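>>> 3D model of this:
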Amino acid sequence: MTKNLAFRASASAILLTLLLLPGIAHAANATVACPGGGGGAYPSINAALAAIGQTGPSTISVTGTCNESVSLNNARSLTIFAGPGGAKIVGPQDFDTFDIFLSQDITLQNLEIVGTPGSTVFTAGPGVVITDASEVHIVGCNMHDNQGGGISVDAGSLLFLRDTTIQNNTPGDGMDVTNNSSADVVGSTIQNNGFPVTGGVGVLVSNRSSVVFRQTNFIQNNGDIGVFALTLSNIGFQSGVAGRFTTVSGHGLDGIFLSRDSTLGLNGVNAQVVTGNGSSCPLDPTCGGIYAVRNSTVSTGNANISGNQGSGINVDQGSNLLLNNTTVSNNSGDGVHVEEIAIGNIGVGNAITGNGGHSVFCDARSLVVGDLSGFSKVKCGQSEGTGKPDHGEHERSGKERNH
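Below is the predicted model of the structure:
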């Protein structure tokens with residue numbers, strides 16, 4: 001009898017626990033009206049988080065202008081989005097607007113994320129900091145005037161960026177992806193970040209990190225460099241949808257710059273476009289469309305590298321180029337420039353024409369492989385193929401960049 005009573009008590013406790021669990025897991029949603037709250041709405045995002053917690057699934061609908069720095073630490077399944085009329089989140093001076101640590105399944109949607117000018121450049125905060133193995137989705141946001149940059153993705157974190165504009169974040173970069181982190185970018189514009197010549201990058205990818213740009217994106221007018229990858233990092237441009245491709249344009253030094261064993265792939269149904277870069281140094285062969293140095297690799301499967309000041313593509317210091325189905329035209333310098341123990345593999349379906357210098361140039365310490373017979377103005381110290389290039393060694397002019 002005692003055993004039966006104990007069993008019944010235990011069974012009742014288990015049943016009660018099971019009945020309570022759905023209530024515990026139930027979404028806790030909130031509404032924020034900045035400033036001031038009222039009518040059942042919280043006066044700030046931080047106030048809403050304090051009330052409902054950071055473990056969801058939960059949503060926070062925001063309207064008005066919220067002046068605050070929002071910190072998510074070990075948060076789960078949380079969406080912060082703009083309600084009717086929109087939402088503007090303004091970070092305080094010298095603070096990040098959003099700090100996201102150790103968090104998963106976080107979404108920021110349709111928000112305007114703005115900074116306040118910092119007291120010094122070095123203390124100013126980015127719009128969004130994502131770190132410590134976090135996973136974040138940023139959708140339909142406008143991130144601007146954050147003095148420390150638009151987005152920082154660091155320490156093994158993952159960002160999905162969709163239909164978002166990152167602009168006018170000066171003197172910081174548009175987006176930094178660093179230290180074993182990744183970003184997947186679709187339908188976004190990264191523009192007017194950094195200062196020309198004195199500094200600024202549209203997208204920085206460093207220390208074993210990667211970024212893939214898919215479908216239609218614009219990376220334009222960001223200070224010195226559009227996309228800068230270094231230290232075993234990877235950049236990919238791809239699209240399987242007709243009429244959609246990424247354009248990199250309007251940068252003072254290079255559209256795309258690779259260094260220290262980094263890789264670049266340009267592929268898609270439509271040609272990826274690199275154009276109008278290099279205006280600050282038109283006579284320097286290391287400026288222009290694409291520059292790869294220190295054992296880096298450029299591989300093109302479908303690209304249009306045209307209208308740059310300087311070289312269309314320059315591979316340097318042990319780097320490699322594999323060129324297929326690519327147009328390299330109307331650049332003010334050489335179309336393809338290979339030097340300092342680099343290798344260029346000229347594959348199939350390429351058009352290299354109308355460039356101000358040579359169509360293909362390589363110095364005596366480098367090698368170009370492939371059929372060069374269809375190109376005019378070829379000058380190579382070393383080549384393997386059916387073409388008949390001129391021989392000669394190029395005396396390198398221009399600056400060395402110690403990246």
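>>> Can you tell me the closest non-neighbouring residue to residue 95?
Of all residues not flanking residue 95 in the chain, residue 69 sits nearest, at 4.2 Å (Cβ to Cβ, 6 or more residues apart in numbering). (Glycine included, C-beta is placed from N, CA and C.)
>>> contacting residues around the one you found?
91, 92, 95, 96, 97, 98, 99, 125 (Cβ atoms under 8 Å, 6 or more residues apart in numbering).
>>> how does it look with 7 Å?
Residues near residue 69 by Cβ atoms under 7 Å, 6 or more residues apart in numbering: 91, 92, 95, 96, 97.
>>> One more: residue 138?
Listed by Cβ under 7 Å, 6+ apart, the contact partners of residue 138 are 108, 128, 159, 161, 164.
>>> got it, and residue 334?
Residue 334 neighbours (Cβ under 7 Å, 6+ apart): 285, 311, 355, 357, 358, 361.
>>> got the residues you listed as TSV, with distance to residue 74, secondary structure and neighbour count columns?
Shown next, in TSV, are the contacts of residue 334 (distance: Cβ to Cβ, whole Å; DSSP: H, G, I helix; E, B strand; the rest coil; neighbours: other Cβ atoms under 10 Å):
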residue	distance to residue 74	secondary structure	neighbour count
285	50	coil	22
311	48	strand	33
355	54	coil	26
357	56	coil	19
358	57	coil	23
361	55	strand	29
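>>> hmm, who's touching the strand ranked longest in the chain?
For the chain, the strand that runs over the most residues, judged by DSSP state E, is strand 76-90. By Cβ under 7 Å, 6+ apart, the list of residues contacting strand 76-90 from outside reads 45, 54-67, 72, 97, 103-114, 116.
>>> Can you pull the phi and psi angles for the residue nearest to residue 95?
Main-chain dihedrals, residue 69, degrees, to the nearest 10: phi -110, psi 120.
>>> do the same with residue 236
Main-chain torsions, residue 236, degrees, to the nearest 10: phi -130, psi 140.
>>> Which residue is the nearest non-sequential neighbour of it?
Nearest residue to residue 236 in three dimensions, chain neighbours excluded: residue 212, at 4.1 Å (Cβ to Cβ, 6+ apart).
>>> Now tell me which helix or strand of the chain has the poorest mean pLDDT.
One helix or strand of the chain scores below all others by mean pLDDT, DSSP states H and E: helix 2-25, with a mean of 42.
>>> now the next helix or strand after it, how far from the chain's geometric center?
The first helix or strand that comes after helix 2-25 along the chain, using DSSP states H and E, is strand 30-34. A distance of 31 Å separates the centroid of the chain from that of strand 30-34, by Cα atoms, centre = their mean, to the nearest Å.
>>> what's strand 30-34 packed up against?
If you count contacts as 3 or more Cβ pairs under 7 Å, 6 or more residues apart in numbering; DSSP states H and E, strand 30-34 packs onto helix 45-52, strand 55-67.
>>> partner residues bridging the nearest residue to residue 98 once chain neighbours are set aside?
In this structure, residue 98 finds its nearest non-sequential neighbour in residue 128, 4.4 Å apart by Cβ to Cβ, 6+ apart. As for beta bridges, residue 128 partners with residue 98, residue 151 under DSSP bridges.
>>> For residue 75, give me phi and psi.
phi -80, psi 160.
>>> whoops, residue 343 was the one
Torsion angles at residue 343 (phi, psi; degrees, to the nearest 10) stand at phi -130, psi 130.
>>> could I get the contacts of residue 334 as TSV with distance to residue 201 and pLDDT?
Putting these into TSV (distance: Cβ to Cβ, whole Å; pLDDT from 0 to 100) gives the following:
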residue	distance to residue 201	pLDDT
285	21	93
311	19	98
355	26	98
357	27	97
358	29	97
361	27	97
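>>> possible to save those as a markdown table with distance to residue 148?
Shown next, in a markdown table, are the contacts of residue 334 (distance: Cβ to Cβ, whole Å):
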| residue | distance to residue 148 |
| --- | --- |
| 285 | 34 |
| 311 | 33 |
| 355 | 39 |
| 357 | 40 |
| 358 | 42 |
| 361 | 41 |
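>>> To residue 327, which of the helices and strands packed on strand 30-34 lies closest?
strand 55-67 (46.0 Å; Cβ to Cβ).
>>> List the buried residues in the closest one.
56, 58, 59, 60, 61, 62, 63, 64, 66 (16 or more other Cβ atoms under 10 Å).
>>> Give the next helix or strand downstream of it.
Taking DSSP H and E, what comes next after strand 55-67 is strand 70-73.
>>> quick one on the thing from earlier: for the residue nearest to residue 98, list the residues it contacts.
Contacts of residue 128 by Cβ under 7 Å, 6+ apart are 97, 98, 100, 113, 138, 151.
>>> Quick check, the last one in contact with residue 126.
Yes. Judged on Cβ atoms under 7 Å, residue 151 makes contact with residue 126 at a distance of 6.4 Å.
>>> who's more crowded, the two?
residue 151 (30 against 27; other Cβ atoms under 10 Å).
>>> Need the per-residue pLDDT for the more buried one.
Looking at residue 151, its pLDDT is 98.
>>> now residue 87, which residues is it bridged with?
residue 64.
>>> Need phi/psi at the residue nearest to residue 276 when sequence neighbours are not counted.
Leaving aside its chain neighbours, residue 276 sits nearest to residue 249 (4.3 Å; criterion: Cβ to Cβ, 6+ apart). Backbone geometry at residue 249, expressed as degrees, to the nearest 10, gives phi -150, psi 160.
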